[in-house]
Each structure stands twice: as C-alpha cells, then as structure tokens.
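[1] okay, predicted coordinates and the sequence, questions at the end:
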Amino acid sequence: MGLTDLLLRGFRIDWEEIGGESYLREIPAIAGLGELTFTKPVTFFVGENGSGKSTLLEAIAVSYGFNPEGGTRNYRFSTFDSHSELCDAMTLVKGAGKPGWGYFLRAESFYNVATAEDRYSRDGGRPQNYHQKSHGESFLALAQSQFRGRGLYLLDEPEAALSPQRQLTLLLEIVQSVKAGGQFVIVTHSPILLGVPDAEILSFDDGPVHPVAYEETDSYQVTKLFLENREQMLARLLE
C-alpha cells in the first residue's frame, strides 16, 4: 500500500483556532505542530506518559467522525466529555475512496464501549456478550470482529488488557487487516506491537513529533535492558 492508497494521508492544525491559554500549547510534541503526513499503513505514536499521544489520536478520531469514547462512526453515547479543542482546529487530509469500515478502540473507555455494543446488539445486531468475558478476552474479541479489511482503525494503548501472547495475536490481526487494505494509527508502549513489519514509529519525546527506529524506542530499550540485566537493575532500584 502506497501513500496514495492510504485512507488518511495526514492532517493540518490551525493554531489560530486554539485559545492562547490552552494546555495544548504546553505540550512540546504538539505545540506548533502545523501538519503531519502518514507514510505507512501502520503508524505508531510512542513516548512517555503525558507526552500528547492520546490527545492527538483522540483529535484525529473525533475529526474523522468517531465517538470520543470509542466505537464505530455510528456510535453516539457519552459518559464524560473530556476531548480537547484540538479536533476543532484540525483538518484531515483523506485519500481517495471511502473506507469500508473503521473503529476507534481505546483501553481506558473500553467498558463503556462494551456496554454500548451490548445495547446496540439488542437492536438487531449479533450479541457479543463482552461483559461475560474477561477484559483481555473481550478486548481481543472486539478487535477480531471489527478489523474488517479496508478501513481506518485507531487504537489507544490496546496492550493494556492483553497478555504478551494475546499481543502477538493482535499483531497478527493488524498485519492481516493491512493486507486487506486497512490503515492503523496506534498509541502503544508495547515492544511486541511495535514490531509490526514496515511500520512508521513517531516519537513524542524530546521536542516535536519525529520518526524513530524500533530499536531507539524506550519500550524496546528498557525492556531489553531489564531482561538482560534483571538482577542488577532490581538491586539498583531497591537500594
């Protein structure tokens, strides 16, 4: 899949639409970001907590028409309105053609989405009974049922509910969906998911958003350091 085949090619931000006192101007990775171009069917956002990854992903999702708390573009429910003004200042650059499907999947509001899924299924859909499964089982089951090939899929820390083995399963689901024309933008700290072949990794650490190699991510480096030097690291931490 080339740049011209992507459903979402990028976005532009008009900072004149954002208040002068907005907290968005205090986030180094986002402040002053005028535009961003997606070059791969899978793009990862990485960085420390609070670096702006989820804020930017949420703005993309809302601008694209997704419910802020997650779900498809048909979902309309709200338990707490927390999304920022960034979506109002954002203009998406879309590719040719319409996506066949799409989903905004975020770990922090998954319970609310699962509840909405159950409610919508009673109106003629196929019951998924997500609340009858464990968190990890239901999270993966939803991903497996919603990744339907050509579509835009936005995932916010999907590894939060998944064991390492289930993360490998999710990685496979992502790769298979990409082969069928899917595009993903994913916020993650998982060194497993970051291993998706030929993905672009964008770091939100150390200034403006910029590309990094897999081996340069903190997720990879800290995990590798711990696995190779566990006793020394623990001894130093526990002194």
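    Done, it's in. Numbering: from 1, shown residues only.
[2] low pLDDT regions in this protein?
    The chain contains residues with pLDDT under 70 at 1-4, 69-84, 99, 107-136.
[3] look up phi and psi at residue 200.
    Per-residue torsions, residue 200: phi -100, psi 130 (degrees, to the nearest 10).
[4] show me what it bridges to in the sheet.
    For residue 200, the beta-bridge assignment (DSSP bridges) gives partners residue 43.
[5] got a list of what the closest residue to residue 101 other than its chain neighbours touches?
    Among residues not flanking residue 101 along the chain, residue 151 sits closest, at 3.6 Å (Cβ to Cβ, 6 or more residues apart in numbering). Where C-beta positions appear, they are placed from N, C-alpha and C, glycine not excepted. Contacts for residue 151 were tallied using Cβ atoms under 8 Å, 6 or more residues apart in numbering; they are 7, 99, 100, 101, 102, 103, 177, 181, 182, 183.
[6] does the last one sit in a helix or strand, and which one?
    It refers to residue 183. Residue 183 is part of strand 182-187 when elements are defined by DSSP states H and E.
[7] tell me the secondary structure at residue 11.
    Under the three-state scheme (DSSP: H, G, I helix; E, B strand; the rest coil), residue 11 adopts strand.
[8] circling back: where's the strand holding residue 183 relative to the chain centroid, distance-wise?
    6 Å (Cα atoms, centre = their mean, to the nearest Å).
[9] for stretch 225-237, same thing?
    Counting by Cα atoms, centre = their mean, stretch 225-237 comes out at 30 Å from the chain centroid.
[10] show me the contacts of residue 151 that map onto strands.
    101, 102, 103, 182, 183 (DSSP state E).
[11] got these as TSV, with neighbour count and distance to residue 38 columns?
    Listed next are those as TSV, based on neighbours: other Cβ atoms under 10 Å; distance: Cβ to Cβ, whole Å:
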residue	neighbour count	distance to residue 38
101	16	18
102	26	15
103	24	17
182	27	13
183	25	8
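[12] tell me which two in the contacts of residue 151 are the farthest apart.
    The two members of those with the most space between them (Cβ to Cβ) are 103 and 181, at 14.4 Å.
[13] how about stretch 48-64: buried residues?
    Buried residues in stretch 48-64, defined by neighbour count with 16 or more other Cβ atoms under 10 Å: 51-64.
[14] and the strands in this structure, which stretches?
    Going by DSSP E, the chain shows strands at 8-13, 35-37, 42-46, 90-94, 101-106, 151-156, 182-187, 200-203, 210-212.
[15] quick one: these as TSV, columns for distance to residue 233 too.
    Putting the strands of the chain into TSV (distance: least, Cβ to Cβ, whole Å) gives the following:
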stretch	distance to residue 233
strand 8-13	39
strand 35-37	35
strand 42-46	21
strand 90-94	41
strand 101-106	31
strand 151-156	29
strand 182-187	26
strand 200-203	23
strand 210-212	23
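[16] so what would you say the end-to-end distance of stretch 33-43 is?
    Taking Cα to Cα, to the nearest Å, stretch 33-43 runs 17 Å from one end to the other.
[17] give me the distance between it and the centre of its chain.
    Centre-to-centre, stretch 33-43 and its host chain are 13 Å apart (Cα atoms, centre = their mean).
[18] who touches it?
    Residues outside stretch 33-43 that contact it (Cβ under 8 Å, 6+ apart): 1, 3, 6, 8-13, 15, 93, 174, 178, 182-186, 196, 198-202, 208-209.
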